[in-house]
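Enquirer: pasting the sequence and the predicted coordinates here, then a few questions.
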Amino acid sequence: MTSSWSGKRVRLRAIEPDDWMAFARFADGDGRRGGRLDLPRSAESYRVWAKEQAVAECDDDRFRLAVETTVAGEVIGAVGSHRTGRRSGWFELDITIGADHRRKGYAAEAAVVLLRFMFAERRYHKCLAAILAHNEASLALFRRLAYTEEGRLREHVFFAGRHHDLVMMGMLVGEFDRRHAMSGP
């Protein structure tokens, strides 16, 4: 039997306290994650974060799940809904895949599993994604998923000594269903 939380190559699951080491590895060697420079973090801060995530309540459909490979059971990233507008029917998706596992289709499959849940089970109408304009890989990923660029916030994010544009992308439930089918594989 196939789980609603699994694709062919990835499975979404709750974050466990022991996952902290995997999340500590997700930052590139230079401290960049998703095109942004983060402050160095201690191992203890990752332990505390993972422990907090393991017991976190799903607050108004805001949550984060671990992405693991179905073959090896290795945690390779996280996907989640971090902002919602329930009355208007929208949510914002974010995804992080560790550097060693990028550009292998894991992010797209994990996103589809989460989108199917949010659209079919939680009855949302629209999903948003905010992507730094210079992050061509993420922009290409969301375009492949059937997102449309809805706007650009000029010089909206500051890091690495300068301001960067933020691209807002969106997908409606019907667009998702046409591309990915609401009732998964």
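Expert: The structure has been received and is ready for your questions.

Enquirer: I figured residue 17 hits residue 51, correct?
Expert: Yes - under the criterion of CB atoms under 8 Å, residue 17 makes contact with residue 51 at 4.6 Å. The way it works is simple: take the backbone N, C-alpha and C, and place the C-beta from them, glycine included.

Enquirer: residue 59: neighbour count?
Expert: Using other CB atoms under 10 Å, residue 59 has 8 other residues around it.

Enquirer: host element of the spatially most central residue of the chain?
Expert: Central residue of the chain (CA atoms, centre = their mean): residue 95, 1.7 Å from the mean position. Element membership for residue 95, per DSSP states H and E: strand 90-97.

Enquirer: now do that strand: which elements does it pack against?
Expert: strand 75-85, helix 106-116, strand 126-132 (3 or more CB pairs under 8 Å, 6 or more residues apart in numbering; DSSP states H and E).

Enquirer: next, residue 71: phi, psi?
Expert: phi -70, psi -50 (degrees, to the nearest 10).

Enquirer: residues contacting it?
Expert: residue 9 (CB atoms under 8 Å, 6 or more residues apart in numbering).

Enquirer: which residue is the nearest non-sequential neighbour of residue 123?
Expert: residue 89 (7.5 Å; CB to CB, 6 or more residues apart in numbering).

Enquirer: gap between the one you found and residue 126?
Expert: Distance check for residue 89 against residue 126: by CB to CB, to the nearest Å, it reads 6 Å.

Enquirer: between the two, which one's more packed in?
Expert: Between residue 89 and residue 126, residue 126 has the larger neighbour count (other CB under 10 Å), namely 19 against 15.

Enquirer: for the more buried one, give the beta-bridge partners.
Expert: Note on residue 126: beta-bridge partners residue 90, residue 172, judged by DSSP bridges.

Enquirer: OK, contacts around it?
Expert: 89, 90, 91, 170, 171, 172, 173.

Enquirer: can you pull out the strands in the chain?
Expert: 10-13, 32-33, 36-37, 63-69, 75-85, 90-97, 126-132, 148-159, 162-172 (DSSP state E).

Enquirer: quick check: angle from the fifth one to helix 106-116?
Expert: By that I understand strand 75-85. 40 degrees (axes from the mean of the first three to the mean of the last three CA atoms, to 10 degrees).
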